[in-house]
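# Okay, here's the prediction I keep looking at, along with the sequence it came from:
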Amino acid sequence: MRQTTDVLIIGAGPAGLMAAEIIAEAGRSVLVVDAMPSAGRKFLLAGRGGLNLTHSEGVDDFLARYREAQPHITPLIEAFSPLDLIDWCEGLGQPTFTGTSGRVFPKSFKTSPLLRAWLQRLNGLGVRFAFRHRWTGWNSQGQAMFSTPGGEQVIESRASLLTLGGASWPRMGSDGGWVGIFEREGVKVTPLKPSNMGLNIAWSDILRNRFAGEPIKRAALTHDGVTIRGEAIVSERGLEGGAVYALSAPIRDAVMAHGSTTITIDLRPDLPLALIEEKLRQPRAKASASTFLHRAAGLAPIGIALMREACGGPLPVDAKALAALVKAVPLTVRGIEGVERAISTAGGVAFDQLTPHLMIRAKPGVFVAGEMLDWEAPTGGYLLQAGFATAVAAAHGIIGFLGHDDGSSPDQ
C-alpha cells in the first residue's frame, strides 16, 4: 500500500496539528498519521485537571524556565509568543482567562471543546488523517514506512514533520520508540530522562498509610538555594505536585550524580522565623504537641507529621529549634519516578543537528518539533507553549523548503 502527499506529519498531538493547520493554509496537501485511534490523546490527558495553555509572566522569567535550552527556544517563542497562542485559541471560539497564579486557561477549562473546534478547522482546510499507523522508519528511498492493521504501508511526501513526543505516558502513544531509528540514521539524540516527575522518599509506614494523597498547601520547597512556593502532594512513594515539578530537574540531576539529595519544606512561608518562634514560646499547658502546633503556628496534621518524619522521633521542645524545623523540614530524596510515570521528558534531538527551522541537516526535507527536541520546562503552560512554538517554526520551514524548486531549504 502506498499514499502520496505534499507534507506528511507523523504524530497527531498539538504540535502536529498546529503545523498541519499552518501548512494547509499555505495551500499544501497535508496527511497527519498517528499510532493511536484518534487525534490529541495526550493533549486531552494534559487538560484533565484544566488545560493550562501558557503563562502570563514577563518574557525574561518565562524564557528562563527552559534552562540550558533557552538560547534555542527563545527565537521560537519570540516568533510565536504566549499572546499569539492566546489569540489562536480565541480564534477557535475558545476565550481564555488568566488565573491568580498567572497561568492561562480556556474559559471552558477543558481540552475537548478546543480540540473539537480545531479538528473542524483542519477538516475544512482539507487536512487528511490516518490512524493506527505506527511509524517504523524510512526505506532505502527515504520514504516513511508504517505498520497498520491492514499491513505495511509506505507514504511518499515532499517533506515530513515528526512530532512523536518524548517517552512519558507511553499508553498515550509517546513511547520514545523513535530514538533507536534516529540513532541508526546517524542523528544525535540526547538520552531521554524523566522531567516533571515525582520524587521518591522513604516514608515511614505511619506517614504513608495515613497521609498518602494529602496535599501540603501554601508551602515553599527549597533545593540548592532555589525556593518555589506552591502545593505538594504526599504520595505512597514520595512527593508530587506543582512545586515539586518546578524543582524536579535540578533534583533529578543531583540524584543522578550523587544518589540522593536533600530538600526542605517551609510549612509557613508567610510568617517570618522570629514570629513563629515567638508564637511557640506560648505556654502549652496540657495540650499535646500536635494541638499546640496547630493552635500556635497554624500547622495542619500533614505538616506536623512531616516534622516528626524528619526528626525520626520526638519533636524538639525548645521553641527556637521547633520554629527552625517549621521553616525548613529536611527530607532526603533517594530517587525519582521513571520516565513512564513522568509528565514530560528531557533530552531529544540535539539542536546542533537542526537548521533554525528545525530541519534535520543530515536528512533534507525531514523536520522535528515538540517534545522530541532536546529541551525541558516545568509545568505551568511552558510545555505546551514550546510545543506550539516549535511546530510553528517547523511549519514555516516546510513551506519555505517546498517553495524552493531545487529542493533546498532557505536556512539549510
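Everything's here; your move. Numbers count the residues shown, from 1 in each chain.
# C-alpha from now on. contacts and neighbour counts both.
OK.
# Next, the buried residues of stretch 29-43.
By neighbour count, and taking 16 or more other CA atoms under 10 Å as the criterion, the buried residues in stretch 29-43 are 29-36, 39-43.
# Take those and write them to a markdown table, including pLDDT.
Supplementary listing: the buried residues of stretch 29-43 in a markdown table, determined by pLDDT from 0 to 100:
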| residue | pLDDT |
| --- | --- |
| S29 | 97 |
| V30 | 98 |
| L31 | 98 |
| V32 | 98 |
| V33 | 98 |
| D34 | 97 |
| A35 | 95 |
| M36 | 95 |
| A39 | 96 |
| G40 | 93 |
| R41 | 91 |
| K42 | 88 |
| F43 | 92 |
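# Which two of those have the greatest separation?
When CA to CA is used, the two most widely separated members of these are S29 and K42, lying 25.1 Å apart.
# if we can go back for a sec, could I get the buried residues of stretch 29-43 as CSV with secondary structure?
What follows is the buried residues of stretch 29-43, written out as CSV (DSSP: H, G, I helix; E, B strand; the rest coil):
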residue, secondary structure
S29, coil
V30, strand
L31, strand
V32, strand
V33, strand
D34, strand
A35, coil
M36, coil
A39, coil
G40, coil
R41, helix
K42, helix
F43, helix
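# Which of the residues you listed sits closest to G387?
Nearest member of the buried residues of stretch 29-43 to G387, counting by CA to CA, is F43, at 11.1 Å.
# residues in contact with the closest one?
Applying CA atoms under 8 Å, 6 or more residues apart in numbering to F43 gives the contacts 13-14, 111.
# Could I get the full set of strands for the stretch 301-412 of the chain?
329-333, 335-336, 344-349, 366-368 (DSSP state E, counting those that start in this stretch).
# low-confidence ranges in this structure?
Along the chain, segments meeting pLDDT under 70 span 1, 405-412.
# ok, and for stretch 279-294, which residues are buried?
Buried positions in stretch 279-294, judged by neighbour count with 16+ other CA under 10 Å: 279-280, 290-293.
# hmm, who's touching it?
Identification of contacts with stretch 279-294 by CA under 8 Å, 6+ apart yields 296-297, 299-301, 304, 319, 322-323.
# can I get the CA coordinates of the top strand by length along the chain in CSV?
Ranked by number of residues, the top strand in the chain under DSSP state E is strand 151-162. Provided in CSV are the C-alpha atoms of strand 151-162 (Å, rounded to 0.1, in the frame of the first residue of the first chain):
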residue,chain,number,x,y,z
GLY,A,151,-0.3,-4.4,6.7
GLU,A,152,2.8,-2.5,5.9
GLN,A,153,2.3,0.9,4.2
VAL,A,154,4.7,3.4,2.6
ILE,A,155,3.8,7.1,2.4
GLU,A,156,5.6,9.3,-0.1
SER,A,157,5.9,13.0,0.6
ARG,A,158,7.9,16.0,-0.5
ALA,A,159,8.6,17.0,3.2
SER,A,160,7.7,15.5,6.5
LEU,A,161,7.5,16.5,10.1
LEU,A,162,7.8,14.2,13.1
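# Pull the distance from whichever helix or strand comes after that strand to the chain's centre.
Towards the C-terminus, the helix or strand next in line after strand 151-162, according to DSSP states H and E, is helix 178-184. Relative to its chain's centre, helix 178-184 lies at 22 Å (CA atoms, centre = their mean, to the nearest Å).
# Give me the contact list for helix 178-184.
Residues lying outside helix 178-184 but in contact with it, judged by CA under 8 Å, 6+ apart, are 136-137, 164, 188-189, 348.
# repeat that with 6 Å
The set of residues that contact helix 178-184 without belonging to it, under CA atoms under 6 Å, 6 or more residues apart in numbering, is empty.
# now the biggest helix by length in the chain, how far from the centre of its chain.
Assignment by DSSP state H gives helix 382-402 as the longest helix of the chain. Centroid displacement of helix 382-402 relative to its chain, using CA atoms, centre = their mean, is 17 Å.
# before we move on, what about stretch 350-361?
When C-alpha coordinates are averaged (CA atoms, centre = their mean), stretch 350-361 and its chain have centres 21 Å apart.
# again with stretch 105-116
Using CA atoms, centre = their mean, we find the averaged C-alpha position of stretch 105-116 to lie 18 Å away from the chain's own average C-alpha position.
# Stretch 9-18 now?
16 Å.
# And the contacts of it?
Contacts with stretch 9-18, where a contact means CA under 6 Å, 6+ apart, come from 32-34, 39-40, 160-164, 370, 387-388, 391.
# any idea which element K217 lies in?
Remark: K217 resides in strand 215-223, with elements defined by DSSP H and E.
# the inter-axis angle of whichever helix or strand comes after that strand versus strand 215-223?
Note on strand 215-223: by DSSP H and E, the next helix or strand toward the C-terminus is strand 226-234. Strand 226-234 runs at 150 degrees relative to strand 215-223, counting by axes from the mean of the first three to the mean of the last three CA atoms, to 10 degrees.
# For strand 226-234, buried residues please.
Here strand 226-234 shows 227-234 as buried, counting by 16+ other CA under 10 Å.
# List the pairing partners of that strand within its sheet, with orientation.
For strand 226-234, the pairing partners within the sheet under DSSP bridges are strand 215-223 (antiparallel), strand 238-240 (antiparallel).
# Pick the most buried one from the ones you listed.
strand 238-240 (a mean of 23; mean count of other CA atoms under 10 Å).
# Show me the contact partners of the helix or strand following it.
Using DSSP H and E, the helix or strand that follows strand 238-240 in sequence is helix 242-258. Under the criterion CA under 6 Å, 6+ apart, residues 196, 228, 230-232, 261, 378 lie in contact with helix 242-258.
# Any buried residues in helix 242-258, and which?
Neighbour-count burial for helix 242-258 flags 242-249, 251-252, 254-255 (criterion: 16+ other CA under 10 Å).
# related to what we said a few turns ago, out of the strands of the stretch 301-412 of the chain, which is closest to D175?
When the strands of the stretch 301-412 of the chain are ranked by proximity to D175, the top entry is strand 344-349, at 10.7 Å, counting by CA to CA.
# Dump the closest one to PDB, restricted to CA.
Listed in PDB are the C-alpha atoms of strand 344-349, where the atom choice follows Å, rounded to 0.1, in the frame of the first residue of the first chain:
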ATOM      1  CA  SER A 344       7.200  15.100  30.300                       C
ATOM      2  CA  THR A 345      10.800  14.200  29.300                       C
ATOM      3  CA  ALA A 346      14.100  15.900  28.900                       C
ATOM      4  CA  GLY A 347      16.500  15.100  26.200                       C
ATOM      5  CA  GLY A 348      15.800  14.500  22.500                       C
ATOM      6  CA  VAL A 349      17.100  15.500  19.100                       C
END
